[in-house]
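A.B. asks: Let me see the structure of the following:
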Amino acid sequence: KMKFLLSCVIMLEVIILTRAFSNCVRCRKLHYAKQFSSSRSHSRILFSSISNGENTTAGKKRIVFLGTPEVAAQCLRDIYKDSMKGGSPYEIVSVITQPPKRRKRKGKITPSPVGLVAHELGIPTLSPEKARDTNFLDDLENNVRPDLCITAAYGQYLPKRFLATPTYGTVNIHPSILPRWRGASPVQRSLEAGDNPVGVSVLFTVSKMDAGPIIVQEETEIGKDDQATTVLPLLFNIGTNRLIKILPDILNGSITTETARDQDESIVKEASKIKTEEAELKLWEESALTCHNRMRGFSMWPGTFLYLQLDDEKPMRVKIAKARVLDEVTEPTQVIEKGPGKKDGLRFVCADGSILEVPRLQPTTRNEMDAKSFVNGLQGRTARWVIPAVES
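C.D. replies: Okay, here's the model as predicted:
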């Protein structure tokens, strides 16, 4: 009986300890979940803790990657893949990205695309509200201790204290042929201006935006209808590959700010941030080519639009999803007609007689549709593009 009672006591203790351990694990998961979902933390650590350098592979340089959107996430994947090759002189010890946020109107608060990839690859991640935050900069200097920082569409200004931290400086992948198109929207402004070729620059970062000495540049020809949605990832891919090739020379001190080429300040072109009001296509004063290039540049955000009127109905706003310029000129008219071919789009004639053909469009409150579906919905009504009334 004593043995039986003793066995029962031992089993009961095991059950209690198992439940206690399970509760502890659940509490820890809840703690990390709360830490992850918080949007006010000055220097939020996602998924794991920042290494203090003790686990760095002997002899390898410590690289920190900074980026936020999907194009930067692919850059991170490519650089990480290179770092895992035998004989690589570096490893990625940390990723810095913008804080998690709600990316859809009623969606969950989620990490940036770069934050998700860092988690997938098991790379410690910092997500400060501001890169000038004192505690974040303390972490960078005392714990992360980078030899080199790499930025790709990070989205925050880096203060002098940050730039002074990495041993070999900070390099940036910038999708334009600098000094043309310095600023927030280089690809968008480049396409809007009709540039061809386009290009990418790898440069050292200085306090002045996109003004550092250039390490390497590459140009590439693109199609006349190519949009920002495809050109942006193309240029970041080219820039990442060029950076990977020269990383050993940066990390052994062969490439420095002294050996890189200074930019010519006399030919600087600014790529100002896009405003939503710029998205309107003004057919009454712009050519088809001008409208087409803006549509290409603004394809990611905010898109482009114009106003149509059916007979005497109230004008409606229409988003232009796709367009091309026809190699012909006609008498100016505001009447919109579909081309004669089965696959032809709607023909918008600009004030100078040039023609913008639109195969797909999206009226407000409606789904995107092709030209044939739009014409079928007219039911005998005449469609015209109109100049919107100025609100008083």
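A.B. asks: worst-scoring helix or strand of this protein, pLDDT-wise?
C.D. replies: Ranked by mean pLDDT, DSSP states H and E, the weakest helix or strand in the chain is strand 43-46, scoring a mean of 46.
A.B. asks: what's near enough to touch the closest residue to Glu70 other than its chain neighbours?
C.D. replies: Of all residues not flanking Glu70 in the chain, Pro113 sits nearest, at 4.5 Å (CB to CB, 6 or more residues apart in numbering). (C-beta placed from N, C-alpha, C; glycine too.) Listed by CB atoms under 8 Å, 6 or more residues apart in numbering, the contact partners of Pro113 are Thr68, Pro69, Glu70, Ala72, Ala73.
A.B. asks: how about the spatially closest residue to the second one that is not a sequence neighbour, phi and psi?
C.D. replies: Read that as Pro69. Using CB to CB, 6+ apart and skipping the chain neighbours, the partner closest in space to Pro69 is Ala153 (5.4 Å). Dihedral pair for Ala153: phi 50, psi 50, per degrees, to the nearest 10.
A.B. asks: still on that earlier bit, show the buried residues in the contacts of Pro113.
C.D. replies: If you count burial by 16 or more other CB atoms under 10 Å, the buried members of the contacts of Pro113 come out as Thr68, Pro69, Glu70, Ala72, Ala73.
A.B. asks: so the fourth one sits in a helix?
C.D. replies: Right, Ala72. Yes: Ala72 forms part of a helix when assessed by DSSP: H, G, I helix; E, B strand; the rest coil.
A.B. asks: Need the contacts of Pro113 in TSV (columns: distance to Val144 and pLDDT).
C.D. replies: Output for those, formatted as TSV (distance: CB to CB, whole Å; pLDDT from 0 to 100):
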residue	distance to Val144	pLDDT
Thr68	18	97
Pro69	22	97
Glu70	24	97
Ala72	18	98
Ala73	20	98
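A.B. asks: and of those, the nearest to Leu243?
C.D. replies: For those, the residue nearest Leu243 by CB to CB is Ala72; the value is 12.6 Å.
A.B. asks: quick one: contacts for the closest one?
C.D. replies: Ala72 neighbours (CB under 8 Å, 6+ apart): Pro113, Val114, Ala152, Ala153, Tyr154, Phe236.
A.B. asks: Distance from the helix or strand hosting the last one to the middle of the chain?
C.D. replies: Following DSSP states H and E, the helix or strand that holds Phe236 is helix 228-251. The offset between the C-alpha centroid of helix 228-251 and the centroid of the whole chain comes to 14 Å, using CA atoms, centre = their mean, to the nearest Å.
A.B. asks: on contacts alone, who are the packing partners of the following helix or strand past that helix?
C.D. replies: Moving toward the C-terminus from helix 228-251, the next helix or strand (DSSP H and E) is strand 269-271. If contacts are counted by 3 or more CB pairs under 8 Å, 6 or more residues apart in numbering; DSSP states H and E, strand 269-271 sits against strand 180-183, helix 186-192.
A.B. asks: can you give me the helices for this protein?
C.D. replies: 2-37, 70-83, 113-121, 134-139, 160-163, 186-192, 228-251, 288-297, 371-378 (DSSP state H).
A.B. asks: Longest strand in the protein, by number of residues?
C.D. replies: strand 316-329 (DSSP state E).
A.B. asks: Sheet-wise, list the partners of that one with their directions.
C.D. replies: According to DSSP bridges, strand 316-329 forms sheet pairs with strand 304-310 (antiparallel), strand 354-363 (antiparallel).
A.B. asks: For the protein, which residues score under the pLDDT cut-off?
C.D. replies: Flagging of the chain using pLDDT under 70 yields the residue ranges 1-56, 103, 105, 390-392.
A.B. asks: Let's check: the centremost residue of it is which one?
C.D. replies: Relative to the mean C-alpha position of the chain, the nearest C-alpha, by CA atoms, centre = their mean, is the one of Pro69, at 3.6 Å.
A.B. asks: In contact with that residue, which residues?
C.D. replies: Neighbours of Pro69 in contact, by CB under 8 Å, 6+ apart: Ser112, Pro113, Val114, Ala153, Gly155.
A.B. asks: Likewise for Thr220?
C.D. replies: Per CB under 8 Å, 6+ apart, neighbours of Thr220: Pro197, Val198, Gly199, Leu234, Leu235, Ile238.
A.B. asks: redo that, cut-off 10 Å
C.D. replies: Applying CB atoms under 10 Å, 6 or more residues apart in numbering to Thr220 gives the contacts Asn196, Pro197, Val198, Gly199, Val200, Val231, Leu234, Leu235, Ile238.
A.B. asks: That one and Arg296, how far apart?
C.D. replies: 15 Å (CB to CB, to the nearest Å).
A.B. asks: what does Glu258 give?
C.D. replies: 39 Å.
A.B. asks: Of these two, which one has the most company?
C.D. replies: For Glu258 versus Arg296, neighbours defined as other CB atoms under 10 Å are more numerous around Arg296 (27 against 6).
A.B. asks: In this structure that one contacts Leu281, no?
C.D. replies: No: contact between Arg296 and Leu281 fails when scored by CB atoms under 10 Å: they sit 12.0 Å apart.
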